[in-house]
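Student: no FASTA, just this:
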């Protein structure tokens, strides 16, 4: 029962109707018996200033940030975590007695998802497709632990620029244009492939960023898309004996980090994952 003592958290973005975060977090709050509620807030770009004022005025404990506000939110925050500042985007905000603190949990969520599947990226050769916000978060997290990281993007200059920003990460980082030739060449000796593009996402479920014949059975294929649960890329990977990992683990783990920031409690990730999968399968 929502009452005067109920702690409010949420997510701001536009569009917001598709977000699974409210179901995921509210199920976790209920499971742990926490007097919290997670609410989706549709916020237009022109209303972001007022939305932040409202978050303070209504004493929200925190909120997630999604498209299109992950970059523009930064100027409204009292402090931004080093990782989020390097990435240039914030997806989680904590209200510390009126001071809004910004974090980015996407990269740590991706790393946790890999490790949950028994994959340790340390010392591995990683190929990342895309150079957008999700790619930035993941590359800034993995570049310091892998042996080699290559970024391929349709607009090659974005991949090159991102690689330059990572030049002091501790591993060899390269950025190139995404072509069939560059993709085939880089995949030959890659250990882990991570797709951060939207290709294959519902409703375009018959699209894949990688031809099936380029995959090999020793490859780990991580697609951060979670709708559908098995993209064409992952289905092709499974069919040739490669290791497929979908985007549910990243969604759950990045959310679990924010959950702990707001509540001080370890998130019940098994409950969160169950709710996400059931929602995607239409069983909710």
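Tutor: Great, that's in hand. Bear in mind that the values here come from a model prediction, so they are computed numbers and not experimental data.
Student: now stretch 81-90: mean pLDDT?
Tutor: Per-residue pLDDT values over stretch 81-90 give a mean of 93.
Student: how about the helices in the stretch 151-284 of the chain?
Tutor: For the stretch 151-284 of the chain, the helices defined by DSSP state H, counting those that start in this stretch cover 156-165, 180-187, 232-239, 248-263, 269-280.
Student: quick check: which of those is buried the most?
Tutor: helix 248-263 (a mean of 23; mean count of other CB atoms under 10 Å). For the C-beta atoms, the positions are set from N, CA and C on the backbone; glycine is no exception.
Student: packing partners of it?
Tutor: Packed against helix 248-263 by the contact rule (3 or more CB pairs under 8 Å, 6 or more residues apart in numbering; DSSP states H and E) you find helix 21-32, strand 62-65, strand 92-96, strand 99-103, helix 106-116, helix 269-280.
Student: swap the cut-off to 7 Å and go again
Tutor: Counting contacts by 3 or more CB pairs under 7 Å, 6 or more residues apart in numbering; DSSP states H and E, helix 248-263 packs against helix 21-32, strand 62-65, strand 92-96, helix 106-116, helix 269-280.
Student: now, of those, which is deepest in the fold?
Tutor: Mean neighbour counts for the helices and strands packed on helix 248-263 (mean count of other CB under 10 Å) peak at strand 62-65, with a mean of 26.
Student: I'd like the helices and strands packed on helix 248-263 as TSV, with distance to residue 257 appended.
Tutor: Converted to TSV, the helices and strands packed on helix 248-263 look like this (distance: least, CB to CB, whole Å):
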stretch	distance to residue 257
helix 21-32	12
strand 62-65	11
strand 92-96	7
helix 106-116	6
helix 269-280	10
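Student: out of these, nearest to residue 86?
Tutor: Distance to residue 86, taken as CB to CB, is lowest for helix 106-116 among the helices and strands packed on helix 248-263, at 10.0 Å.
Student: wait, residue 56 touches residue 98, no?
Tutor: Yes: between residue 56 and residue 98 there is a contact at 6.0 Å, judged by CB atoms under 7 Å.
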